[in-house]
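Colleague: fold the following for me, if possible:
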Amino acid sequence: MKNNCRTLMLLFAIALTVGPFTVRTEAVGNVTTRTRQPAPQAAMLRSSLDIPGLTLTKGDPKKPVMRELSALYTIQRLRSEQGEEDSWLISEKEEPDNYVGVVSFAAGKVSRVARFRKWTQDDDSVELAERLCELLERLTQERGSQAKILARSTESGKVYIRGVELVFGDKRVSFDIVSRNGTGSKQTEVHLDEVV
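Modeller: Next up, the predicted model:
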């Protein structure tokens, strides 16, 4: 269950951060909506990920990758619940508790790379992540893992909303960052909603 949740969280994080995309702007009345256009087909994209200082690509040989990582970062071996895996945690040399990502190898080549976009332990973030995991686990059990991802941003006067929706048939998981510019102050909040 925890591994499924980690995978779902990683996919959701990727959905929030990946590119490339183009933005289409539509104005209807006093509301402006920006919609991300479809990205290139997956077969056209290189399976690589930038870690500050280098790019790691699936299929790269292990020795040179480990040499480059060791020069820039502190790396330590990870163990999985299923047994020994060839996976390594990447962290800053000056601050070993500041984690950058994980790289895994199979047959002497890079098989998986994860870059941590945000690492936090505060109670509100942990609770939000737990609720997101519970919601996604329940929806994937009910409706399967096939979901359409919609990334969007909307601006209306002093309100700006940036969000992602995962659409599972007739149900949606909506994750939004809402910013309001009031008189002399700015308020930002995060919404996690189940929508039918």
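
Colleague: burial of residue 139, as a residue count?
Modeller: Neighbour count of residue 139, defined by other C-beta atoms under 10 Å: 20. The way it works is simple: take the backbone N, C-alpha and C, and place the C-beta from them, glycine included.

Colleague: what about the residue lying closest to it once chain neighbours are set aside? Give its phi and psi, please.
Modeller: Leaving out its chain neighbours, the residue that sits closest to residue 139 by C-beta to C-beta, 6 or more residues apart in numbering is residue 168, at 4.9 Å. Reported as degrees, to the nearest 10, the phi and psi values for residue 168 are phi -110, psi 80.

Colleague: residue 168 reaches residue 147, doesn't it?
Modeller: Yes. Distance between residue 168 and residue 147: 5.2 Å, which falls inside the contact criterion (C-beta atoms under 8 Å).

Colleague: the more surrounded of the two?
Modeller: The neighbour comparison of residue 168 against residue 147 (other C-beta under 10 Å) goes to residue 147, with 21 against 17.

Colleague: any idea how far that one is from residue 117?
Modeller: Separation of residue 147 from residue 117 (C-beta to C-beta, to the nearest Å): 20 Å.

Colleague: lowest-confidence helix or strand of this protein?
Modeller: Every helix and strand of the chain was ranked by mean pLDDT, DSSP states H and E. The lowest is strand 23-28, at a mean of 43.

Colleague: follow-up on the earlier one: how much space between the residue nearest to residue 139 and residue 129?
Modeller: Using C-beta to C-beta, which is the criterion applied here, residue 168 is 19 Å from residue 129.

Colleague: so where's this protein uncertain?
Modeller: 1-46, 80-84 (pLDDT under 70).

Colleague: spell out the residue ranges of the helices in it.
Modeller: 2-17, 62-72, 123-143 (DSSP state H).

Colleague: which residues are contacting the shortest one?
Modeller: Residues external to helix 62-72 that are found in contact with it (C-beta atoms under 8 Å, 6 or more residues apart in numbering): 51-54, 56, 75, 86, 88, 90, 93, 103, 105, 108-110.
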